[in-house]
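Peer 1: here's a sequence, model it:
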Amino acid sequence: MTFLRNLWNEDQGQDLIEYTLLMAFVALASAALFIGAGGSIKGIWGATNSQLVAANTAAS
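Peer 2: Numbering: from 1, shown residues only. Here you go, the predicted model:
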């Protein structure tokens, strides 16, 4: 019973778990940000491409 009580009260690895959870949250948040930004960047490149094609056609 003493072993279980000591195991329950032991907090030696608590910091490692907390930092691991924090890093997992940061990784997920940054992945979501990059996925969300991908659509915006695709739209910007599409608009730029359309303008370049129109300028090329007008110059020809």
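
Peer 1: only C-alpha atoms from now on, for both contacts and neighbour counts.
Peer 2: Noted.

Peer 1: just the pLDDT at Ala32, thanks.
Peer 2: Per-residue pLDDT puts Ala32 at 90.

Peer 1: check which helix or strand it maps to.
Peer 2: Element membership for Ala32 (DSSP states H and E) is helix 14-59.

Peer 1: what helices or strands is that helix leaning on?
Peer 2: Applying 3 or more CA pairs under 8 Å, 6 or more residues apart in numbering; DSSP states H and E, we find helix 14-59 packed against no helix or strand.

Peer 1: how far is the worst-scoring helix or strand of the chain on mean pLDDT from where the chain is centred?
Peer 2: Taking mean pLDDT, DSSP states H and E as the measure, the chain has helix 2-9 as its least confident helix or strand, at a mean of 74. How far helix 2-9 lies from its chain's middle: 38 Å, per CA atoms, centre = their mean, to the nearest Å.

Peer 1: stretch 52-60 too?
Peer 2: 38 Å.

Peer 1: could you do stretch 42-55 as well?
Peer 2: With CA atoms, centre = their mean as the basis, the mean position of stretch 42-55 lies at 27 Å from the chain mean.

Peer 1: stretch 20-36 too?
Peer 2: Worked out by CA atoms, centre = their mean, stretch 20-36 lies 4 Å from the chain centre.

Peer 1: this completes my enquiry, with thanks.
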